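*Asks:* Got a predicted structure plus its sequence, pasted below:
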Amino acid sequence: MEGIVVLGATGSIGVSTLAVLEQHPDRYKVIGLGGHRNIDLLARQIRAFAPCQVAVAEGYAEPLKRLIEDVASPPEIFEGGSGQVRLARHPQADRIVAAVVGAAGIEPVIAGLRNGKTVALANKESLVMAGALLIDLARQHSARLLPIDSEHNAVFQSLGDENPADVDHITLTASGGPFRTRPLSEFKDIALEDALRHPNWAMGPKITVDSATMMNKCLEIIEARWLFDMPPEKIKVVVHPQSVIHSLVTFKDGSTLCQMGVPDMRIPIAYCLGFPQRIASGCPHLDLTALGQLTFEVPDQRRFPALGMAYEILALGGGAPAALNGANEELVSLFLKGSIHFTRISSVLRHLVNHLKHLKTTAKAGDHSFLLCLRQLEDAFRADAWGRSFVTEQIARNDHRRPDPFLMG
Ligand code: NDP
Ligand code: MG
């Protein structure tokens, strides 16, 4: 039996992971479940999977205990970030599914890697924040990072045992999100419910908004840069609205390999749980004749300025990706609360990238060395905090509930 810890168990990826795990009761034992505030769902998961340890947000342990009073052997319950870390370090945990959303997910990822675990990574934000350091940690501790993110999972599968030197480039596919065909002149009318309606994938709210701005693809370019040690200029993006080809690898002889499947995260999750073997995911198989055709488009950089920012931010290096990621998280959270207009996400991020470029060329850079050079994890946390306060300052300046006039072209 393999011991599994699922962090972010109550989220979209977490629930899909448990749906795969329950098909293989003879193969996996759920050791730990990390949730945050959704303790009703966590209580049901505890009854179904009987983990020995559970982590929740500060203040949620007592209410959870009351919900599982009648459970014969209840799990140990920990609170807060340190609780997630304890789960990730559990001696019986062989694989950690890291599916917390946002920067909060990085500490348990680090703990898993430091303890030599196989980390099935959905939490792309941790690689964006500190990719170089995480890859180093994995190497030092002989830990394995397996990508759950569907595009990276497709690249990982397509690379197989090929010689990395034979790769010419990789192509990440992007659905284009809900606003792929909406005229730019109508972006001013975008409401929260429009942004939360993704055409192909059912996901948590943060990544759904990231897909609508295409910030998700920006984060994924950065994620790919570290996962596959790929120079940014060798990472391309193509819009593929059907989300059936999950990404492609082109080799120097002109061969292109890809991974295909129905758009359901249980497939990459099952791959990461089973690796190096294959296990059933419970997903229907692809029926190409039913699909009829697959289409591809060049991404529209004017509509989705976030895409280009990936390359600019990678060129800046250091803590710049962590700053961008922190700022984006802050902006998405403001948008989800109805405090800013959709178009402000991209425009504030644009300002941030410009400001970082300016900092790099001025004497002021000395005060912000953590933004330009990532020596230790602390630098990534400081850069993240800097990005968040940049957003707070920008929002305080004027009314960001109105659409951004510049983005409207
Ligand atoms: P959800 O919003 O559905 O779930 C987030 C999970 O994280 C929940 O279990 C939530 O707990 C928990 N959580 C939130 N804040 C904290 C915190 N501070 N500490 C610990 N746990 C916390 O997100 P998704 O499942 O959609 O996404 C998870 C990650 O996977 C993201 O990084 C995303 O980018 C990535 N990903 C997701 C895909 C998808 O299809 N959904 C595809 C590819 C990548 P609770 O609900 O109990 O409060
Ligand atoms: Mg993805």
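*Replies:* That came through fine. Ligands and ions are numbered 1, 2, ... in the order given.

*Asks:* Can you say which helix or strand has His246 in it?
*Replies:* strand 245-251 (DSSP states H and E).

*Asks:* can you list the residues of the stretch 1-150 of the chain near ligand 1?
*Replies:* 8-14, 35-38, 84, 99-101, 104, 122-125, 149 (C-beta under 6 Å from any ligand atom). C-beta here means a position set from N, CA and C on the backbone, and glycine is covered the same way.

*Asks:* The strand holding His246: partners in the sheet, and parallel or antiparallel?
*Replies:* Strands adjacent to strand 245-251 in the sheet, as given by DSSP bridges, are strand 167-174 (antiparallel), strand 256-260 (antiparallel).

*Asks:* Nearest to ligand 1, out of these?
*Replies:* Of all the strands paired with strand 245-251, strand 167-174 sits nearest to ligand 1, with 12.2 Å by C-beta to the nearest ligand atom.

*Asks:* circling back to that earlier point, how far does the strand holding His246 sit from the chain's center?
*Replies:* 19 Å (C-alpha atoms, centre = their mean, to the nearest Å).

*Asks:* got a list of contacts for it?
*Replies:* 150-155, 158-159, 162, 166-173, 256-261, 268, 294 (C-beta atoms under 8 Å, 6 or more residues apart in numbering).

*Asks:* same check, this time on stretch 190-201
*Replies:* 175, 177-179, 182, 205, 208-209, 211-212, 241-243, 263, 265, 335-336, 338, 341-343.

*Asks:* can you rerun that using 6 Å?
*Replies:* Residues outside stretch 190-201 that contact it (C-beta atoms under 6 Å, 6 or more residues apart in numbering): 175, 178, 208-209, 211-212, 243, 263, 342.

*Asks:* and the strand holding His246, what's its mean pLDDT?
*Replies:* Per-residue pLDDT over strand 245-251 has a mean of 98.

*Asks:* Against ligand 2, how distant is the closest residue to Arg350 other than its chain neighbours?
*Replies:* Of all residues not flanking Arg350 in the chain, Pro305 sits nearest, at 5.9 Å (C-beta to C-beta, 6 or more residues apart in numbering). Distance of Pro305 to ligand 2, given as C-beta to the ion, to the nearest Å: 19 Å.

*Asks:* Equivalent analysis for Asp40, please.
*Replies:* If you go by C-beta to the ion, the gap between Asp40 and ligand 2 works out to 28 Å.

*Asks:* Around that residue, count how many other residues there are.
*Replies:* 13 (other C-beta atoms under 10 Å).

*Asks:* measure Ile279 to Tyr28 for me?
*Replies:* In this view, Ile279 and Tyr28 are 9 Å apart by C-beta to C-beta, to the nearest Å.

*Asks:* related to what we said a few turns ago, just checking: which of the residues of the stretch 1-150 of the chain next to ligand 1 also lie near ligand 2?
*Replies:* Asp149 (C-beta under 5 Å from the ion).

*Asks:* List only buried entries from the residues of the stretch 1-150 of the chain next to ligand 1.
*Replies:* 8-14, 35-36, 38, 84, 99-101, 104, 122-125, 149 (16 or more other C-beta atoms under 10 Å).

*Asks:* In helices, which of these appear?
*Replies:* Taking DSSP state H as the definition of helices, these contribute 12-14, 84, 124-125.

*Asks:* which residue ranges form the strands in the stretch 1-150 of the chain?
*Replies:* Counting by DSSP state E, counting those that start in this stretch, the stretch 1-150 of the chain has strands at residues 2-7, 28-34, 53-56, 76-79, 95-98, 118-121, 144-147.

*Asks:* Pick the most buried one from those.
*Replies:* Burial of the strands of the stretch 1-150 of the chain is given as mean neighbour count (mean count of other C-beta atoms under 10 Å); strand 95-98 ranks first at a mean of 28.

*Asks:* and for stretch 330-337, what are the contacting residues?
*Replies:* Contacts of stretch 330-337 (C-beta under 6 Å, 6+ apart): 205-206, 209, 340, 345, 348, 388, 391.

*Asks:* What is the distance between it and the centre of its chain?
*Replies:* Distance, centroid of stretch 330-337 to centroid of chain: 17 Å (C-alpha atoms, centre = their mean).

*Asks:* for the lowest-mean-pLDDT helix or strand in the chain, packing partners?
*Replies:* When each helix and strand of the chain is scored by mean pLDDT, DSSP states H and E, helix 369-372 comes last, with a mean of 86. Contact here means 3 or more C-beta pairs under 6 Å, 6 or more residues apart in numbering; DSSP states H and E; on that basis helix 369-372 packs against helix 377-397.

*Asks:* Give me the contact list for the helix it packs on.
*Replies:* Against helix 377-397 from outside (C-beta under 6 Å, 6+ apart): 103, 129-130, 133, 319, 322-323, 326-327, 330-331, 348, 352, 370-371.

*Asks:* Can you tell me the closest non-neighbouring residue to the residue of the stretch 101-250 of the chain found nearest ligand 1?
*Replies:* The stretch 101-250 of the chain approaches ligand 1 most closely through Gly204 (2.5 Å), counting by C-beta to the nearest ligand atom. With sequence-adjacent residues excluded and distances taken as C-beta to C-beta, 6+ apart, Gly204 is closest to Ser12, at 4.7 Å.

*Asks:* Quickly note the distance from the residue lying closest to Leu64 once chain neighbours are set aside to ligand 2.
*Replies:* Nearest residue to Leu64, sequence neighbours excluded (C-beta to C-beta, 6+ apart): Ile39, at 4.5 Å. From Ile39 over to ligand 2 the distance is 28 Å, taken as C-beta to the ion.

*Asks:* Ile39 is in contact with Tyr60, isn't it?
*Replies:* Yes - between Ile39 and Tyr60 there is a contact under C-beta atoms under 6 Å: 5.5 Å.

*Asks:* Between these two, which is the more surrounded one?
*Replies:* Taking neighbours as other C-beta under 10 Å, Ile39 and Tyr60 compare with Ile39 leading, 23 against 20.
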